[in-house]
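Participant: Fold the following, please.
(chains A and B)
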Amino acid sequence: MSESLYTQLLYLAAGAFLLTAVLILWRRELAVIVRILALQGLALAVMVAVLAAREGSVELWAVAGGIAVLRVGVLPHLVRRALTGAEAARRESAPSVNVASSLLAAAGLTLLGFAVSQPLVALAPSPATQAVPVGVTVVLIGFLVLVTRRRALSQLVGFLLLDNGITAVGFLTTAGVGLVVEVGVSLDVLLAVLVLQLLATRMRETFGDTDLDELRELRD
Amino acid sequence: MNVAGGVVQAVVVVGGAPLLVGVMRQVRARLEGRAGPGIGQPWRDLRKLLGKEPITPRGTTELFRLAPLVSLATVLVVAVVAPFVTTVPTVGPAADLFAVVALLALGTVVLALAGLDTGTAFGGMGASREVTILALVEPTLLVAIFALSVRVGSTNLGAIMTATVEDPARVISPVSLLAAVALVVVTVAENGRLPVDNPSTHLELTMVHEAMVLEYAGPDLALVELASAMRLAVFLGLLGNLFLPWGLATGTDPVALAVGVLALVVKVGVLGALLAAAEVFLAKLRLFRVPELLAGSFLLSLLAATAAFFLA
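Facilitator: Below you'll find the model as predicted:
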């Protein structure tokens, strides 16, 4: 693969990765958000595949395949299954920060992400590390979704966004953290999502809603 | 100096803009199962309006009478100086990004002032809404085109387009894609198309642009309508040339200009038809949700600008 094609494909995947994170922040319908999450998983898998083609490493190709299966297929499917039972909670009705402000906050976070990852890029400037700020930004946007959304499922999506960001940073900085570590992390995430999905379903069965703010009021 | 190019651009934009509106209405009509009035209808409307006696409401000032002229003049200047058919500048450095955006904003601001000048409830309401949208749209427009200008090192629109013609691979980059999405939203919002505003409605509570120009009649209305059609053509032309600059003439010989005109007509026509077709499937957003859409497009343009600096 030629140098320029590699760079272009990598940055295109990184751009799609960032764009999907912003769209998740933007949209309200949970069903749409889950579909975008699957697209983001695809962008991540493409990014890893481009790195794999560059390195010519079979192990990295296998990891890319694994990421595609896990993040495009399994995780969105699990979230969607938790969604189908909930007729009332189809939309993120009242995020604690309104969407316009959270989009502007995301603009600030993007600049922050690019600013703080400059030392990281300066360590070993290469096309892959140039894209590290995108991963850091997605981590920050994931945090934002996690703290501003009220529905349990939206928070779950925020958690997955965070994890996607961390994975992207990992691959972009080290070109693969080793198959064993990656499999371990992926299983961890899968487990966390399974537990959270179960928790959300239970919550809905008990309280009829998954608004976490209501739960805090119940406790007092 | 390139007088021929400027004249050709002005003629094409003035002559073609009402036809563009006609094509878009016709596409919509056909998709909705109506016969449609034909693509020449906007021109026939303009001719009818121009033949009428000029009337202005009592109590309005000179501003009300001048606004249509200023509005039309600003778009006309943009049509002459910005690169639509050829990248060779007509009037030196006036094809600058900031100059063009400022001219386009001036046209809107003057119409908003005229809306306030009438002193009617609808004029004021329309002006206030239009300015709200304008305040959110202008930064997006500036930042999005600025993102494209970073790699070229010049904010001259002609230079940006020439660079893209020479290196078509630039179009497939995160910067271009993010900026393109932001600019599409800007085009929709600035020209009062669905889902921001409904151009064919006269339902009082929802209209934005139509409310602002409600008091105009006769030749003044013709000027306002022509100016708004030309704005749409100018925005679509910029969109087409920034992201699909093929066919744009880089010289001034007649053959290149003819090819440039043809390419412009095709690009703007296709973009307009796509926009009209998309509108059939869209409902108007609630006014309070519009800032959300525009904040999103601003974020995308900002991402494009950051990506232009860091992913280059």
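Participant: Point out where chain A drops to low pLDDT.
Facilitator: Within chain A, the ranges that satisfy pLDDT under 70 run A:1, A:85-94, A:175-178, A:207-220.
Participant: Please repeat the previous calculation with a cut-off of 80.
Facilitator: Counting by pLDDT under 80, chain A contains low-confidence residues at A:1-3, A:57, A:81-96, A:150-153, A:174-186, A:196-220.
Participant: Likewise for chain B?
Facilitator: For chain B (pLDDT under 80), the answer is B:1-3, B:87-95, B:168-172, B:192, B:194-208, B:247, B:249-252, B:283-288, B:310-312.
Participant: Could you pick out the residues of it near chain A for me?
Facilitator: B:169, B:172-175, B:177-178, B:181, B:291-292, B:295-296, B:298-300, B:302-303, B:306-307, B:309-311 (C-beta under 8 Å from any C-beta of the partner chain). (Each C-beta comes from the backbone N, C-alpha and C, glycine too.)
Participant: and the longest helix for chain A?
Facilitator: helix A:179-207 (DSSP state H).
Participant: tally of neighbours for residue 60?
Facilitator: With no chain named, the answer covers chain A. 22 (other C-beta atoms under 10 Å in any protein chain shown).
Participant: The chain in question should be chain B.
Facilitator: Using other C-beta under 10 Å, B:T60 is surrounded by 17 other residues.
Participant: Tell me where the chain has helices.
Facilitator: In the absence of a named chain, this looks at chain A. So, for chain A - with DSSP H - the helices run A:3-26, A:30-55, A:58-67, A:75-84, A:99-116, A:118-123, A:127-130, A:132-148, A:152-174, A:179-207, A:212-219.
Participant: my bad, chain B
Facilitator: B:3-31, B:41-50, B:62-81, B:97-117, B:121-152, B:157-166, B:174-190, B:209-212, B:218-243, B:254-280, B:290-310.
Participant: Determine which stretch of those is the most buried.
Facilitator: Counting by mean count of other C-beta atoms under 10 Å in any protein chain shown, helix B:209-212 has the highest mean neighbour count of those, with a mean of 26.
Participant: ok, and what's touching that one?
Facilitator: Identification of contacts with helix B:209-212 by C-beta atoms under 8 Å, 6 or more residues apart in numbering or on different chains yields B:111-112, B:114-115, B:122-123, B:125-127, B:129-130, B:192, B:197, B:199, B:201-202, B:204, B:228.
Participant: And for B:F281, the neighbour number?
Facilitator: Using other C-beta under 10 Å, B:F281 has 8 neighbouring residues.
Participant: should've said B:A217
Facilitator: B:A217: 16 neighbours (other C-beta under 10 Å).
Participant: Likewise for B:G51?
Facilitator: Neighbourhood size, B:G51 [other C-beta under 10 Å]: 10.
Participant: Whichever residue of chain A sits closest to chain B - nearest residue in space that isn't next to it in sequence?
Facilitator: The minimum distance from chain A to chain B, using C-beta to the nearest C-beta, falls at A:G15 (2.5 Å). Distance criterion C-beta to C-beta, 6 or more residues apart in numbering or on different chains; nearest residue to A:G15, sequence neighbours excluded, is B:P174 at 2.5 Å.
Participant: Please apply the same query to B:L104.
Facilitator: B:V78 (6.2 Å).
Participant: Identify the residues contacting the closest residue to B:T74 other than its chain neighbours.
Facilitator: In space, and not counting its chain neighbours, B:T74 is closest to B:G107: 4.0 Å by C-beta to C-beta, 6+ apart. Residues in contact with B:G107, defined by C-beta under 8 Å, 6+ apart, are B:V70, B:S71, B:L72, B:T74, B:V75, B:A227, B:R231.
Participant: Check the stretch 1-150 of chain B for the residue nearest chain A and tell me.
Facilitator: Chain A sits closest to B:L136 of the stretch 1-150 of chain B, with a gap of 9.4 Å, by C-beta to the nearest C-beta.
Participant: let me fix that: the stretch 201-312 of chain B
Facilitator: B:A295 (4.2 Å).
Participant: residues touching that residue, list them.
Facilitator: With C-beta under 8 Å, 6+ apart, B:A295 has these contacts: A:V99, A:A100, A:S101, A:L103, A:L104, B:L136.
Participant: Kindly report the same for B:T108.
Facilitator: B:S71, B:E130, B:L134, B:E190.
Participant: ok, 6 Å please
Facilitator: B:L134 (C-beta atoms under 6 Å, 6 or more residues apart in numbering or on different chains).
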